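Colleague: Predicted structure and sequence below. I'll ask about it afterward.
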Amino acid sequence: MKFSKLAKESLKYYVYGLVDPVDREIFYVGKASANNRAFDHLKNNTKESNKNKKIEEIRKVGKEPIVEILRYGLESEAIAFEVEAAIIDAIGLENLTNEVRGHGVLRGRTHAKEIERLHGSDPIKASDILEPCMLFYIHETYSSTSNELEIYDSTRQFWQGVSKSNRENLNTKIALAIVDGVVVRVYSIVAWFSAGETMSTRQFQGKPDKWEFVGQLIENHPLAGRLLVGDDGYPIKNMQKGYSYLPRTPQTM
């Protein structure tokens, strides 16, 4: 099936869901703009993903995923992003095949205690932290509906470019899970492994040159719940590669 030209014009920006016809549950949420992107997921795709595996499971019993439009006629992409993120949060990322929570998660579904943690945290300058730490920015996968094991796995996996000296000599023994500048969890780093070698709630599907660590939760660490800020007083920014080091000493490969 495809939308006609007139239908696409009426849709404008829209948010859709892929639905399991057996239990009528949404298993994937996406957004699009006056096009047939919602149906593109149903084309034959050899790429391994949780979404494609779910589609294969449905087809094995002789059925086809249902495409439902969850909201349409949206005036901008920004609004569509907000709606998409809100729906993902409402269902719970752990109940979907989406890889991340989507855009606009800063104001997403959050427990009251998490609001206090994120917006009532005492700031500390990152430059004042002397203990060697690795900062892992997990804002895309962190959710207040995730359990402790899921948060741990999203912090420790799957990272590219971790220095050989850091892995072998454990130059950094503390891992900070960061969401919007706030330290939401602190873990010890006991050992590093090639990605996919340890038991996990997540399936590794990436390149072989990525890494993961194992460690323990440190509940009463002094940095837990603190807002990390730069010398300018603003919360530290997420790094594109997903992690950074403190102190920022040179890391040799």
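Modeller: Yes, it's here. Residues are numbered from 1 along each chain as shown.
Colleague: helix or strand right after the helix or strand of the chain with the lowest mean pLDDT?
Modeller: The weakest-scoring helix or strand in the chain, judged by mean pLDDT, DSSP states H and E, is helix 112-119 (a mean of 64). On the C-terminal side of helix 112-119, the closest following helix or strand by DSSP states H and E is strand 123-125.
Colleague: What segments of the stretch 151-253 of the chain are helices?
Modeller: Here the stretch 151-253 of the chain has its helices, by DSSP state H, counting those that start in this stretch, at 164-169.
Colleague: Tell me which stretches of it form strands.
Modeller: 159-160, 174-179, 182-188, 191-194, 210-214, 227-229, 243-246 (DSSP state E, counting those that start in this stretch).
Colleague: the helices in the stretch 1-150 of the chain, which residues?
Modeller: Counting by DSSP H, counting those that start in this stretch, the helices of the stretch 1-150 of the chain are 5-11, 37-40, 50-60, 77-91, 112-119, 148-156.
Colleague: can you tell which of these is closest to residue 191?
Modeller: helix 148-156 (10.7 Å; C-beta to C-beta). Heads up, the C-betas are built off the backbone N, CA and C, glycines and all.
Colleague: what's the closest one packed up against?
Modeller: Applying 3 or more C-beta pairs under 8 Å, 6 or more residues apart in numbering; DSSP states H and E, one finds that helix 148-156 contacts strand 174-179, strand 182-188, strand 210-214.
Colleague: Provide a list of residues in contact with the closest residue to residue 224 other than its chain neighbours.
Modeller: Among residues not flanking residue 224 along the chain, residue 186 sits closest, at 5.0 Å (C-beta to C-beta, 6 or more residues apart in numbering). Residues in contact with residue 186 (C-beta atoms under 8 Å, 6 or more residues apart in numbering) are 174, 175, 176, 177, 217, 218, 221, 223, 224.
Colleague: Tell me the buried residues within those.
Modeller: 174, 175, 176, 177, 218, 221, 223, 224 (16 or more other C-beta atoms under 10 Å).
Colleague: ok, back up a step: and the residue nearest to residue 224, how far from residue 238?
Modeller: 18 Å (C-beta to C-beta, to the nearest Å).
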